[in-house]
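[1] give me the fold of what follows.
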Amino acid sequence: MNGSMTEGLLLICAACVLKLVFHPKENRNRLLCRLLLAMGSLSVMLQEDGAFLMITQGLLGMIMVMVTAAALSGEMKARRRMQMLHKRNVLYRRREAAQQLMDERHEERAA
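    Below you'll find the predicted structure:
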């Protein structure tokens, strides 16, 4: 197995792992995963052994993996933040409704 094949398989594995770990929901992040998978597939299919090409391909692959991981991590943080805000909003509404119910009962007892 030559270096280009190895790099291609590593890119394909990285794309699969990132997809399984982060579960991207936004289209641009899904596209990044697909591009990473396409880069890996092309590396496997077009096996060139030129040193310059292999170095360039390896650097671009590493950059692509880092960019994709950063984008997916940001999306995951944003989703968690939205879940926390939603949960806080629901708790606030429940607390407000309970307080209103207690106030109504207190007014009924007073009357």
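[2] phi first, then psi, for C13.
    phi -60, psi -40 (degrees, to the nearest 10).
[3] show me the contacts for it.
    Residues near C13 by Cβ atoms under 8 Å, 6 or more residues apart in numbering: G40. In this view, the C-beta of every residue, glycine as well, is placed from N, C-alpha and C.
[4] Q47 is in what secondary structure piece?
    Using DSSP states H and E, Q47 sits in no helix or strand.
[5] setting aside sequence neighbours, what's the nearest residue to it?
    Once flanking residues are discounted, Q47 sits nearest to S4: 4.7 Å by Cβ to Cβ, 6 or more residues apart in numbering.
[6] right, and the helix or strand after the helix or strand hosting the one you found?
    Assessed by DSSP H and E, S4 sits inside helix 3-22. Downstream of helix 3-22, the next assigned helix or strand under DSSP H and E is helix 27-45.
[7] tabulate the CA atom coordinates of that next one in PDB.
    This file holds the C-alpha atoms of helix 27-45, laid out as PDB (Å, rounded to 0.1, in the frame of the first residue of the first chain):
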ATOM      1  CA  ASN A  27     -26.000  21.700   5.500                       C
ATOM      2  CA  ARG A  28     -22.600  23.400   5.300                       C
ATOM      3  CA  ASN A  29     -21.200  21.000   7.900                       C
ATOM      4  CA  ARG A  30     -22.700  18.000   6.100                       C
ATOM      5  CA  LEU A  31     -21.000  19.400   2.900                       C
ATOM      6  CA  LEU A  32     -17.700  19.600   4.700                       C
ATOM      7  CA  CYS A  33     -18.000  15.900   5.700                       C
ATOM      8  CA  ARG A  34     -18.800  15.000   2.100                       C
ATOM      9  CA  LEU A  35     -15.900  17.000   0.800                       C
ATOM     10  CA  LEU A  36     -13.500  15.300   3.200                       C
ATOM     11  CA  LEU A  37     -14.900  11.900   2.100                       C
ATOM     12  CA  ALA A  38     -14.500  12.900  -1.500                       C
ATOM     13  CA  MET A  39     -10.900  14.000  -0.900                       C
ATOM     14  CA  GLY A  40     -10.200  10.600   0.600                       C
ATOM     15  CA  SER A  41     -11.900   8.700  -2.200                       C
ATOM     16  CA  LEU A  42     -10.000  10.600  -4.900                       C
ATOM     17  CA  SER A  43      -6.700  10.000  -3.000                       C
ATOM     18  CA  VAL A  44      -7.400   6.300  -3.100                       C
ATOM     19  CA  MET A  45      -8.500   6.200  -6.700                       C
END
